[in-house]
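*Asks:* fold the following.
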Amino acid sequence: MSRAISKAGRSRAGDMATVKLKNIEKVYDNKVVAVQDFNLEVKDKEFVVLVGPSGCGKSTTLRMVAGLEEVTKGELYIDEKLVNETPPKERNVAMVFQYYALYPHMSAYDNMAFSLKLSKEDHKIIDEKVKQAAEILNITHLLNRKPRELSGGERQRVAIGRAIVRDPKVFLMDEPLSNLDAKLRNQMRAEIIKLRQRIDTTFIYVTHDQTEAMTLGDRLVIMKDGFIKQIGTADDVFNKPANQFVASFIGVPQMNFLPVELTLTEDNYVVSIYGQEITLPDEMQQLLHQKKQSSGSVILGVRPEHINIVSKDTPNSITGRVEVSEMMGSEVFIHATVESAEIVIRVPVISADLPEFKSGGHDDVHFVIPPKYIHLFDEASEENLIV
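*Replies:* Residues are numbered from 1 along each chain as shown. Okay, here's the model as predicted:
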């Protein structure tokens, strides 16, 4: 690989690409609060994903890093330099937008070269950077085409190429795959992983798609209503959600939530659920004792894939009534009701050998909840009690 691409984002010796947001807030003129008390440190070469539902403030946060939105309160640093008042063009970041933003009258080559031409870069260097970026993105054969002659995935590659040639310290990506169909999204997600490996710089990526977040991010920043709800690896947010929102947002189908009673009997905490009692594992016992958790009503959470279907006579089994079953190819989602609650059970097709699991039909299903997969959430705060 030649010099221009191998040092993308590292055009000056010793360059770092850290980003720090300290107590950031964004309040618009109409008093709408978009982002509140946002604190995050992005390490050099780290791939961080901001993820959350529409309107949670993730794109606004990204635009503040880019300099496209003013910071109302707090401090924003790039490479330890305070950039609150620094114009976008002086921050050395590149942003890839959801809607490509290509010039329709220019070829793919000219779109990618445009910012370099504006900065009076040498023609030979421009040509080298554009062609090498095109090679990375597998669009060399498309350089002479206009945007209207390109597919959505090809246009997004051109938009990414336009960012690559600038050798930015930080890549900012705002839902770049949301306009693509499912197949193209999967392909482009793999391309972004390869791109990250080849250009070796810092990424901040925004998406509402949890699959993108889980597969791309070194760390995920899960947001709701302008606040950070949890920062962690994919494993952290899936297996140790900090609160009920994170537990519900991450995972398909979402985690089941059931009201239960938690009782401290002698030295052991026991969960009472639909006539059955579950003694919690030692690690959970220790955490609850450390927190001096009192007995009372709590919310039990369990992921659909962690529920085991069993025979009717299995000890401590719970009986539900199958309402709907969804065949998803390699697995079946069984929707059952237990008293007034709905339970979703995710079953591999190889295990779903009973007719009612494939077709529905209001038959009974018997299942157990393995204690090691239980989560317990406080009813009021919705915080996870056992993390």
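*Asks:* mind listing residues that contact stretch 71-86?
*Replies:* Contact with stretch 71-86 is made by 15-27, 38, 64-65, 67, 91-93, 169-170, as judged by CB atoms under 8 Å, 6 or more residues apart in numbering. Quick note: C-beta positions are derived from backbone N, CA and C, even for glycine.
*Asks:* narrow those residues to those that are buried.
*Replies:* With neighbours counted using 16 or more other CB atoms under 10 Å, the contacts of stretch 71-86 contain these buried positions: 17-21, 24-26, 38, 64-65, 67, 91-93, 169-170.
*Asks:* quick one on the thing from earlier: looking at the contacts of stretch 71-86, which are in helices?
*Replies:* Counting by DSSP state H, these place 64, 65 in helices.
*Asks:* find the centremost residue of this structure, please.
*Replies:* With distances taken as CA atoms, centre = their mean, residue 213 lies nearest the centre of the chain, 2.7 Å away.
*Asks:* helix, strand or coil for it?
*Replies:* helix (DSSP: H, G, I helix; E, B strand; the rest coil).
*Asks:* hang on, residue 343 packs against residue 320?
*Replies:* Yes. With contact defined as CB atoms under 8 Å, residue 343 counts as touching residue 320 (5.6 Å).
*Asks:* need the overlap of contacts for these two.
*Replies:* Common contact partners of residue 343 and residue 320 (CB under 8 Å, 6+ apart): 336, 337, 367.
*Asks:* helix, strand or coil for the last one?
*Replies:* Pointing back at residue 367 there. Look at residue 367: counting by three-state DSSP, its state is strand.
*Asks:* residue 272: neighbour count?
*Replies:* Residues near residue 272, counting by other CB atoms under 10 Å, number 13.
*Asks:* quick revisit: now the residue nearest to the centre of the chain, nearest residue through space, not along the chain?
*Replies:* The spatially closest residue to residue 213, leaving aside those adjacent along the chain, is residue 51, at 4.0 Å (CB to CB, 6 or more residues apart in numbering).
*Asks:* from residue 277, how far out is the one you found?
*Replies:* Residue 51 is 37 Å from residue 277, where distance means CB to CB, to the nearest Å.
*Asks:* surely residue 379 is within a helix?
*Replies:* No. Under three-state DSSP, residue 379 falls outside any helix and is assigned coil.
*Asks:* surely it meets residue 297?
*Replies:* Yes. Using CB under 8 Å, residue 379 is in contact with residue 297, at 5.8 Å.
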